[in-house]
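Asks: sequence below, structure please.
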Amino acid sequence: MEYTTILLGVFIAYVIFKALTRKSKNLPPGPHVLPIIGNLHLVGSIPHKSILKLAEKYGPIMSLQFGQIPTIVVSSPSMAKEILQKQDISFAGKRIPDALNAHNHWQFSVVWLPANSLWRTLRKILTSNIFTNNRLEASQHLRSQKVRDLVEYCKKSGEKGEAVEIGQAAYRTSLNLLSSTIFSKDLADYYSETGAPREFKDAIWNILVESVKPNLADFFPILSMFDLQGIKQRASVHFGKGLKIMENLVNERLEHRELHGATHNDILDIFLNYCDEHPEEIDRHRVKHTILDLFIAGTDTTSSVTEWTMAELIKNPHVMKKAKDELSQVIGKGKSLEESDVARLPYLRCIMKEALRKHPPGPFLFPRRPEEDVEVAGYTIPKGSQVLVSIYALGRDPESWKDPLTFNPERFLDSELDFRGNHFEMLPFGAGRRSCPGLPMAVRMVPLILGSLINSFDWQLDGGMKPEDLSMEEKVGLTAQLAHSLKIVPTPVKEE
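Replies: Now for the predicted structure:
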């Protein structure tokens with residue numbers, strides 16, 4: 001206890017000394033900074049909402065202090081464009097959450113690596129070999145099958161009068177889509193989960209949980225060596241389980257390749273082929289981390305967007321009716337949806353855009369880190385600070401959106417605004433060189449899931465709850481999620 005007290009005293013003295021001796025810089029405006037904690041007391045339980053209110057007071061570029069970390073928050077399209085496009089090279093670095101030091105994961109992650117040679121190699125493999133139009137066209141039968149599995153699960157639940165937990169059902173669908181695309185096998189079961197599939201699903205989920213927990217070491221890096229909350233230790237356990245399953249699957253594939261050659265032509269084969277052809281650029285150890293990254297980033301995003309969209313449709317039955325009418329006219333009532341049909345469903349696409357505007361998968365882009373002082377809008381962004389682009393604020397900017405709190409897909413019917421990183425009014429998947437490489441798959445998968453759920457079933461809230469009573473409160477994870485899981489009862493629609 002005495003040793004801990006001494007350490008704590010030294011730490012507090014160090015922080016106060018640093019605060020008192022910090023050079024005055026031309027920072028953007030922001031609230032008064034308290035000793036030691038800075039502005040952490042202003043963040044609240046839903047940080048993106050608290051920070052939006054602060055931005056409304058202090059402006060579209062704002063300075064906060066999170067413990068030892070100077071933090072710049074950007075909340076307008078023009079400022080986002082400055083950071084992500086005009087000066088993207090200056091802001092290409094990332095501030096690494098302490099939990100991702102577990103198994104040194106960030107050093108192999110296309111999300112967190114600096115823009116070095118390994119990052120360029122991984123990015124090239126993903127964008128030029130995996131998420132290309134030709135590759136995605138060739139694998140669309142897999143996505144269709146996974147969505148048919150989801151529809152069948154919902155149908156069986158409806159026949160028994162049971163509610164479907166939409167977020168979890170979509171999570172299993174996206175997990176199986178990724179696993180079948182990567183490994184040519186499913187890793188989740190709608191009805192029962194045991195053994196490695198359950199262990200892997202739990203590992204991915206727990207990695208997400210630990211990665212987003214408020215961590216003292218992220219605000220006071222000097223505390224990282226102590227792991228006072230045990231976050232890094234728990235993350236290490238979960239990463240270890242996930243990586244072990246990855247290793248087993250890779251070894252299983254290597255044995256198959258020795259006997260039969262590269263016959264699967266899936267993502268794992270692409271990575272292993274690249275390892276054989278370019279051993280100086282990437283090895284199998286890095287492949288395990290990269291594939292784990294795909295699961296971490298891909299599963300929660302799809303389930304979150306699906307759940308929020310279905311909640312908005314339940315909350316706004318007139319929008320649901322318009323979507324059903326369009327699907328009935330174009331596809332046929334109750335009939336199966338294919339990816340190629342989405343191009344003929346403009347209102348469905350508008351629904352997805354509106355959901356991504358109002359409920360982006362992540363309320364902030366991953367924090368950027370300038371390696372030198374950078375000038376933006378006449379202010380100095382200090383070296384080593386973290387820069388947060390608030391996607392949540394962009395989608396609620398009253399200068400960009402009329403009635404931004406209203407769910408109104410019609411706003412996109414005569415608009416060319418899109419979410420692919422070209423329009424800074426909404427950036428759910430980022431922009432520039434650090435944008436999400438999995439975007440091409442997401443824009444195929446999400447409307448296919450949504451259209452299938454809308455066209456195949458009529459939906460009612462569980463327990464006779466009325467739409468106006470549905471809570472839209474949020475909780476924060478890797479994505480902003482509904483605080484209370486959406487549970488709705490499906491009634492199968494007869495084909496016409």
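Asks: quick one, longest helix in this protein?
Replies: When the chain is parsed with DSSP state H, its longest helix is helix 284-315.
Asks: which parts of the helix or strand that it is followed by are buried?
Replies: Sequence order places helix 317-330 as the next helix or strand after helix 284-315, per DSSP states H and E. By 16 or more other C-beta atoms under 10 Å, the buried positions in helix 317-330 come out as 319-320, 322-324, 326-327, 330. All C-beta atoms are positioned from the backbone trio N, CA, C, and that covers glycine.
Asks: tell me how far helix 317-330 lies from the chain's centre.
Replies: Here helix 317-330 is found 28 Å from its chain centre; the criterion is C-alpha atoms, centre = their mean, to the nearest Å.
Asks: for residue 458, helix, strand, or coil?
Replies: Secondary structure, DSSP: H, G, I helix; E, B strand; the rest coil: residue 458 is strand.
Asks: please apply the same query to residue 471.
Replies: Put simply, residue 471 is coil when judged by three-state DSSP.
Asks: and for the one 4 residues further on?
Replies: For residue 475, the reduced secondary structure class is strand; criterion used: three-state DSSP.
Asks: ok, and the closest non-adjacent residue to it?
Replies: Using C-beta to C-beta, 6 or more residues apart in numbering and skipping the chain neighbours, the partner closest in space to residue 475 is residue 483 (4.4 Å).
Asks: quick check: pLDDT value at the one you found.
Replies: Per-residue confidence at residue 483 stands at 88 (pLDDT).
Asks: likewise for the one 5 residues further on?
Replies: According to the prediction, residue 488 has pLDDT 97.
Asks: what's the answer for residue 10, then?
Replies: For residue 10, the pLDDT comes out at 50.
Asks: now swap in the one 3 residues further on and tell me
Replies: In the predicted model, residue 13 carries a pLDDT score of 49.
Asks: now swap in residue 438 and tell me
Replies: Reading off the model, residue 438 has pLDDT 82.
Asks: quick one: the closest residue to it other than its chain neighbours from residue 207, how far?
Replies: Among residues not flanking residue 438 along the chain, residue 298 sits closest, at 5.7 Å (C-beta to C-beta, 6+ apart). Counting by C-beta to C-beta, to the nearest Å, the gap between residue 298 and residue 207 amounts to 13 Å.
Asks: show me the shaky parts of the protein.
Replies: The model of the chain has pLDDT under 70 over residues 1-24, 193-196, 477-478.
Asks: now do whichever strand or helix holds residue 147: which elements does it pack against?
Replies: Using DSSP H and E, residue 147 falls within helix 140-159. When contacts are defined as 3 or more C-beta pairs under 8 Å, 6 or more residues apart in numbering; DSSP states H and E, helix 140-159 packs onto strand 164-165, helix 166-183, helix 439-456, strand 457-461, strand 487-492.
Asks: closest one to residue 105 among those?
Replies: Closest approach to residue 105 among the helices and strands packed on helix 140-159 is made by helix 166-183 (17.6 Å; C-beta to C-beta).
Asks: and the strands in this structure?
Replies: For the chain, applying DSSP state E gives strands covering 61-66, 69-74, 93-94, 164-165, 368-369, 374-376, 379-381, 386-389, 457-461, 474-476, 480-482, 487-492.
Asks: packing partners for the second one?
Replies: Read it as strand 69-74. helix 47-58, strand 61-66, strand 386-389.
Asks: and of those, who's closest to residue 151?
Replies: Across the helices and strands packed on strand 69-74, closest to residue 151 is helix 47-58 (C-beta to C-beta), at 33.2 Å.
Asks: and the residue nearest to residue 438, how far is that from residue 251?
Replies: Per C-beta to C-beta, residue 298 is found 23 Å from residue 251.
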